[in-house]
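>>> Fold the following, please.
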Amino acid sequence: MRKLIVIGIWLVMSVAVMAVVTLPINLQAQLIAGAAVLFSMMLLKMVRPDGVWRLIALALGTAIVLRYVYWRTTSTLPPINQPEDFIVGFLLYLAEIYSVFMLALSLFVVANPLKPRPAVKLVETDLPTVDVFIPTYNEDLPLLANTMAAAKGMDYPAEKVTVWLLDDGGTWQKRGSDRVEEALAAERRHADLQRLCADLGVRYLTRDRNLHAKAGNLNNGLEHSTGELVVVFDADHAPARDFLKETVGYFREDPRIFLVQTPHFFLNPDPLERNLRTFEKMPSENEMFYGIIQRGLDKWNASFFCGSAAVLRRKALEETNGFSGVSITEDCETAIELHSRGWHSVYVDRPLIAGLQPATFASFIGQRSRWAQGMMQILRFRFPPFKRGLSPAQRLCYMSSTLFWLFPFARTIFLVSPLFYLFFDLEIFTASGGEFMAYTLTYMVVNLMMQNYLYGAFRWPWISELYEYVQTVHLLPAVVSVILNPRKPTFKVTAKDESIDRSRLSEIGTPFFVIFAILCAGVLMTIYRVITEPYKADVTLVVGAWNLLNLLLAGCALGVVSERGEPQSSRRVQVRRRCEFLSGGEWLPATIEDVSVNGARVIVHGRIAEDVRVLHETRIRFRPHSEIPTNELPVTVRNLQASQQGMAIGCQYDPKGPDHHRLVSDLIFANSAQWTAFQLSRRVNPGLVRGTLWFLWLAAYQTGRGLVYLFKRRGQNPVPAPAPVVGVPR
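Okay, here's the model as predicted:
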């Protein structure tokens, strides 16, 4: 009875809102109503940003959005008897409707996300057996050694954990290749990895043929293992010691849980963060997904497998004959299939692994193209809206996750539409400048405020627009190709542990400069048309402002594709760990200030020997978190600098054997609390006004930097990395 009452109340409220939305009012009243809603949302944000007040603010914003949609549908479409105007105008209308629909799905998913789950205590007497899978294809041995050592160092009874290296780079197919160089390389890799696995106590497994890419590799691991639970780590995703203790307990709470997924935390910036210098100051793009969206999905039992940093139940996988391999995103596809069979998932909102993400812009686009194409394949072959067994909420959640990747179509239309008006005088919508201000501008500001409500410190204003724009240029043809031929895409491994020795322009950056030049021509055309057609000045100025906004995004993108030279593949993470430094045969007290996957910064508190200089080989020793036969790690001095605390020494790890790899992984990956602290230090919400001002400054600076790279590239060596660093508003 109570449920029926709630449904009745919602129906009455919906009818009332629709009546208000469709109420005919004049332009002045619309402006007043929009201003009132904006003021109310800002007031609620400052005074009561959480709970029911947050939902009220989002409801007010939704009313403005619906009002805008009603106005766009009934009053702004060009006449159908003018096909050249109608086609362009209708495409723009469809792009806006898509954006509104995605906003609606986002509201459903994350308007009131599930709070972080409390940890489930393990019962030591009844722990399930676990198989840890580390699939690899072409990753370097040192990177694999770190990941395997970290996996072996997890705090869990050793007799109940088996770590497997699943090598798809040393298959019989590759070792027997007709290409002699490829075959010899595969033979060497096969032998080297077997020795490394034997040294680290890891099971090595390969297969005959590289069928079904990563999904086939994981399924081969399932065939040769017997653990109740299966953990998957990408080759560059090293776990903390407490990974299993924080995840395994959920499987004992609910026998129908098939998945416990944790966030992907990265030690290095993606190309946008590196080239814009925002990694230490602004939340990473993936934090919006792992910090908010996955918790929203978890509320509806729809958090899905992300390919790594996850624990799965073998019994559930047996129902689907292992990991699904129809699409090139086997993770989400597997989750859809198991959710449809009544299995449950859990999302643990705490970083328990640290990995590496693509460093070059080309690799970044390659990774995102694979995600986009895989999601389009899922949409085509699994089609969540009609997938039998999914709940209505799960259907909406999976629609949100898959339809998102259609954004290149909408972004392209938003980019070119003002140009159709400015250059060809096509009427993309029928409205005056005043109507645009009253409806469209209000809608845009409300949209930004709603995003700020939804994502807060996890996503700064305009950053999502920038990420989508820089992906659109290359993702659009990728998405079109998979729509035309859904079985064509093949799995491509994302490059790991990349570095850029010298500053350069990205090899796929040319289209961004071409687009920037066209948009600049659009600005000149705006000025020309205002002067020659003053009677259309209001509309021309509005469309010109729209083109100028596109120009700001395009200019900022020039900085994104201007790759800064940065030899190291990862950034340092503060650890503050006590140690000792060997100098002249004497162990001196020291502190490890920060670490990366390649080295550490050590503050030595005593007087160091004169023979300690650059390229000097020595050792540091510290107390490891886990039981390791030695506590001395060989290092090579890379730089020295006097500081107030002592001598600051930059050290590069120089592991000589498996125990040294264990020490490196213990030093970097054992303590997950340091990753949480780093994430929290970046989660600052600058607000809509300050965030917009910051983005305007960022766009101006990056436009200039990109043009400098372009002009210096012609006939010259790569340019040195510029010194200025983008600041953050406080």
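
>>> only C-alpha atoms for contact and neighbour calcs from this point on.
Will do.

>>> Mind jotting down where the helices sit in the stretch 601-730 of the chain?
Applying DSSP state H, counting those that start in this stretch to the stretch 601-730 of the chain gives helices spanning 658-669, 673-682, 687-713.

>>> just the ones you listed: most buried one?
Burial of the helices of the stretch 601-730 of the chain is given as mean neighbour count (mean count of other C-alpha atoms under 10 Å); helix 658-669 ranks first at a mean of 25.

>>> Averaged pLDDT, it. What do you get?
The average pLDDT within helix 658-669 is 90.

>>> angle of it against helix 673-682?
30 degrees (axes from the mean of the first three to the mean of the last three C-alpha atoms, to 10 degrees).

>>> ok but residue 281 is inside a strand, no?
No - with DSSP: H, G, I helix; E, B strand; the rest coil as the criterion, residue 281 is coil rather than part of a strand.

>>> Just give me the neighbour total for it.
17 (other C-alpha atoms under 10 Å).

>>> ok, for it, nearest residue in space, not its chain neighbours?
In space, and not counting its chain neighbours, residue 281 is closest to residue 682: 5.3 Å by C-alpha to C-alpha, 6 or more residues apart in numbering.

>>> ok, now residue 589?
residue 580 (4.7 Å).

>>> Following the chain past the helix or strand encompassing the one you found, name the next helix or strand.
Assessed by DSSP states H and E, residue 580 sits inside strand 573-583. Downstream of strand 573-583, the first helix or strand assigned by DSSP H and E is strand 586-595.

>>> if we can go back for a sec, figure out which of the helices of the stretch 601-730 of the chain is closest to residue 475.
Smallest distance to residue 475 across those (C-alpha to C-alpha): 21.5 Å, for helix 687-713.

>>> hmm, which helix or strand of the protein has the shakiest average pLDDT?
helix 2-21 (a mean of 62; mean pLDDT, DSSP states H and E).

>>> quick revisit: may I see the helices of the stretch 601-730 of the chain arranged in JSON lines, with distance to residue 544 as well?
Listed next are those as JSON lines, based on distance: least, C-alpha to C-alpha, whole Å:
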{"stretch": "helix 658-669", "distance to residue 544": "51"}
{"stretch": "helix 673-682", "distance to residue 544": "35"}
{"stretch": "helix 687-713", "distance to residue 544": "17"}
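
>>> For residue 537, find the nearest of the ones you listed.
helix 687-713 (24.9 Å).

>>> Centre of the chain to the closest one, how far?
Helix 687-713 sits 22 Å away from the centroid of its parent chain (C-alpha atoms, centre = their mean, to the nearest Å).

>>> Show me what it is packed up against.
helix 442-455, strand 504-505, helix 537-560, strand 562-563 (3 or more C-alpha pairs under 8 Å, 6 or more residues apart in numbering; DSSP states H and E).

>>> Show me what the last one is packed against.
Helices and strands in packing contact with strand 562-563 are listed as helix 271-276, strand 504-505, helix 687-713; criterion 3+ C-alpha pairs under 8 Å, 6+ apart.

>>> weakest of those by average pLDDT?
Among the helices and strands packed on strand 562-563, strand 504-505 scores lowest, with a mean of 88.

>>> what's that strand packed up against?
Using 3+ C-alpha pairs under 8 Å, 6+ apart, strand 504-505 is in contact with strand 562-563, helix 687-713.

>>> Save these as CSV, and put in distance to residue 120 too.
Below are the helices and strands packed on strand 504-505 laid out as CSV (distance: least, C-alpha to C-alpha, whole Å):
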stretch, distance to residue 120
strand 562-563, 44
helix 687-713, 36
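
>>> Name the next helix or strand downstream of the least confident helix or strand of the chain, please.
helix 27-47.

>>> circling back: including distance to residue 106, could the helices and strands packed on strand 562-563 go into TSV?
Shown next, in TSV, are the helices and strands packed on strand 562-563 (distance: least, C-alpha to C-alpha, whole Å):
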stretch	distance to residue 106
helix 271-276	24
strand 504-505	35
helix 687-713	19
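
>>> Contact partners for the most centrally placed residue in the chain?
For the chain, the residue nearest the mean C-alpha position is residue 286 (2.8 Å; C-alpha atoms, centre = their mean). By C-alpha atoms under 8 Å, 6 or more residues apart in numbering, the contact set of residue 286 is residue 264.

>>> Now it: which helix or strand?
helix 285-288.

>>> Would you mark the buried spots in stretch 361-373?
For stretch 361-373, burial by neighbour count (16 or more other C-alpha atoms under 10 Å) applies to 361-373.

>>> Now intersect these with the helices, please.
361-373 (DSSP state H).

>>> Show me which of those residues is closest to residue 151.
The closest of these to residue 151 turns out to be residue 367 (C-alpha to C-alpha; 24.9 Å).

>>> how close does that closest one sit to residue 478?
Residue 367 sits 11 Å away from residue 478, going by C-alpha to C-alpha, to the nearest Å.

>>> still on that earlier bit, compare the helices of the stretch 601-730 of the chain and give me the one nearest residue 489.
When the helices of the stretch 601-730 of the chain are ranked by proximity to residue 489 (C-alpha to C-alpha), helix 687-713 comes first, at 32.4 Å.

>>> correct me, but residue 148 touches residue 200?
Yes - at 7.4 Å, residue 148 counts as touching residue 200 under the criterion of C-alpha atoms under 8 Å.

>>> Of those two, which one has the most company?
residue 148 (31 against 18).

>>> doesn't the more buried one fall inside a helix?
Yes - counting by three-state DSSP, residue 148 is part of a helix.

>>> low-confidence ranges in the chain?
1-25, 491-499, 567-570, 714-730 (pLDDT under 70).
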